[in-house]
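[1] sequence unknown, structure follows:
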């Protein structure tokens, strides 16, 4: 299959076309052929990433290759250097790779074939670079609208001077995933915005604000079971206990240099746990008064959504933590808002965005 992929690519087929061809023929992808080494992948169909990884793997030439990646130590938070550093893997340029003098295993392709494939990839990459648009088109729901069928983000598409969002799912992938997904799902932006703004204005109106605050308060309990945050909190508590032990050992006369090494190690571990906890803000619980203060300030912002500049409106949507899921078969959109970063307002569909009823179907 490796030889066939390289031959097809050098014959003029694109990466996407090769992935579609292999999937349509029912040929198992790499993760399906060796699931033991790919437990983090579903193994359902060939992806463009898998084809690209094969085309860029120099070990198929039979030689061992080192220094393809390097470790960089980067600050966890540039605004708080006390949190320390974390290790990031970065790809090196091909010129910095180290090749073995002799073949280490049986080659699947020769070096010339591999070189031709890399040259074609570089040429296509350079040709595919696009200059920035002179007038960038505003997509107000960029990054927050998802397809309910496949769970992927819908992409912006400009047609007939109007903003649309689409989810394109190839027939071969739909068959491999055993899901009923149309070839393309489209949704026009102006079909969503008026009712979305109406729903938000209702949620944060003075009359309905108490109910919204109650929903946000109750939603905190639903997020308390975040295992990642719980583990981080337990690790922080354990580190604090160890630091107290080290302090007691120092007071008991233990070598200060030895205790300093212990302390530095524990403090670094604690800093990493705090960073992970920072990525799980749902664990923080606010009082009803704090929620009221924070949510009340949103009312004035939401009241101007109808006349706001597109860029400002998109920023408001982001700050509100909006997530929209389009269900094409039911012709509705499920909206979720997390204005405090970790709490979700009850779901509401596009057909009727009145907040008391969470799942009303409309067209």
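    Thanks, I have the structure now. Model, not experiment: these values are computed from the prediction.

[2] quick one: the lengthiest helix in the chain to chain centroid distance?
    In the chain, with assignment by DSSP state H, the single longest helix is helix 227-251. On the basis of Cα atoms, centre = their mean, to the nearest Å, helix 227-251 sits 31 Å off its chain's mean C-alpha point.

[3] now tell me what touches stretch 239-250 from outside.
    Residues outside stretch 239-250 that contact it (Cβ atoms under 8 Å, 6 or more residues apart in numbering) are 256, 259, 262-263, 266-267, 269-270, 273. For the C-beta atoms, the positions are set from N, CA and C on the backbone; glycine is no exception.

[4] just to be sure, residue 186 is in a strand?
    Yes. Counting by DSSP: H, G, I helix; E, B strand; the rest coil, residue 186 is part of a strand.

[5] check contacts around it.
    Shown in contact with residue 186 (Cβ under 8 Å, 6+ apart): 157, 164-166.

[6] and which of those residues is nearest to residue 107?
    Residue 107 lies nearest to residue 166 out of the contacts of residue 186, by Cβ to Cβ, at 42.6 Å.

[7] now do the SS call for that closest one.
    strand.

[8] what do you get for residue 150?
    Assignment for residue 150 (three-state DSSP): coil.

[9] swap in residue 107?
    Per three-state DSSP, the local secondary structure of residue 107 is coil.

[10] test my guess that it contacts residue 59.
    No. In this structure, residue 107 is not within contact of residue 59 by Cβ atoms under 8 Å, at 9.1 Å.

[11] who wins for neighbours among the contacts of residue 186?
    Neighbour counts for the contacts of residue 186 (other Cβ atoms under 10 Å) peak at residue 165, which has 23 neighbours.

[12] residue 70 in helix, strand or coil?
    From three-state DSSP, the assignment for residue 70 is strand.

[13] next, count neighbours for residue 52.
    Look at residue 52: counted by other Cβ under 10 Å, it has 15 neighbours.

[14] wait, is it part of a strand?
    No. Using three-state DSSP, the assignment for residue 52 is helix, not a strand.

[15] quick one: contacts for it?
    Contacts for residue 52 (Cβ under 8 Å, 6+ apart) come out as 15, 121.

[16] now with 7 Å?
    residue 15 (Cβ atoms under 7 Å, 6 or more residues apart in numbering).

[17] for it, give its distance to residue 155.
    Plainly put, residue 52 is 20 Å away from residue 155 if you go by Cβ to Cβ, to the nearest Å.

[18] domains for the protein, by residue range?
    The chain breaks down into these domains under automatic domain parsing: 1-62+105-123, 64-99, 140-223+285-363, 225-283.

[19] and those domains as CSV, adding mean pLDDT?
    Conversion of the domains of the chain to CSV gives the following (pLDDT from 0 to 100):
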stretch, mean pLDDT
domain 1-62+105-123, 87
domain 64-99, 81
domain 140-223+285-363, 69
domain 225-283, 75
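
[20] and the residue lying closest to residue 323 once chain neighbours are set aside, how many residues sit next to it?
    Using Cβ to Cβ, 6 or more residues apart in numbering and skipping the chain neighbours, the partner closest in space to residue 323 is residue 336 (4.5 Å). Around residue 336 there are 16 other residues, counting by other Cβ under 10 Å.

[21] list phi and psi for residue 336.
    Per-residue torsions, residue 336: phi -130, psi 140 (degrees, to the nearest 10).

[22] that one reaches residue 317, doesn't it?
    No. Here residue 336 does not reach residue 317: they are 11.8 Å apart, not a contact under Cβ atoms under 7 Å.

[23] and residue 263, what helix or strand is that in?
    Secondary-structure element containing residue 263, defined by DSSP states H and E: helix 256-278.

[24] and that helix, how far out from the chain middle?
    Its chain's C-alpha centre and that of helix 256-278 lie 29 Å apart, by Cα atoms, centre = their mean.

[25] then stretch 66-82?
    Centre-to-centre, stretch 66-82 and its host chain are 20 Å apart (Cα atoms, centre = their mean).

[26] can you measure across it, start residue to end residue?
    Length of stretch 66-82, first residue to last, Cα to Cα, to the nearest Å: 34 Å.

[27] in it, what counts as buried?
    Residues of stretch 66-82 classed as buried: 68, 76 (neighbour count, 16 or more other Cβ atoms under 10 Å).

[28] list of residues touching it?
    Applying Cβ under 7 Å, 6+ apart, the set of residues contacting stretch 66-82 from outside is 83-92, 96-98, 271, 275.

[29] how close does residue 202 sit to residue 337?
    As judged by Cβ to Cβ, residue 202 and residue 337 stand 12 Å apart.

[30] so between these two, which is more surrounded?
    The neighbour comparison of residue 202 against residue 337 (other Cβ under 10 Å) goes to residue 337, with 26 against 18.

[31] for the more buried one, phi and psi?
    Main-chain torsions, residue 337, degrees, to the nearest 10: phi -120, psi 130.

[32] just checking, it touches residue 321?
    Yes. The criterion here is Cβ under 7 Å, and residue 337 meets it with residue 321 at 6.0 Å.

[33] who touches both of the two?
    In terms of Cβ under 7 Å, 6+ apart, residue 337 and residue 321 are not both contacted by any residue.
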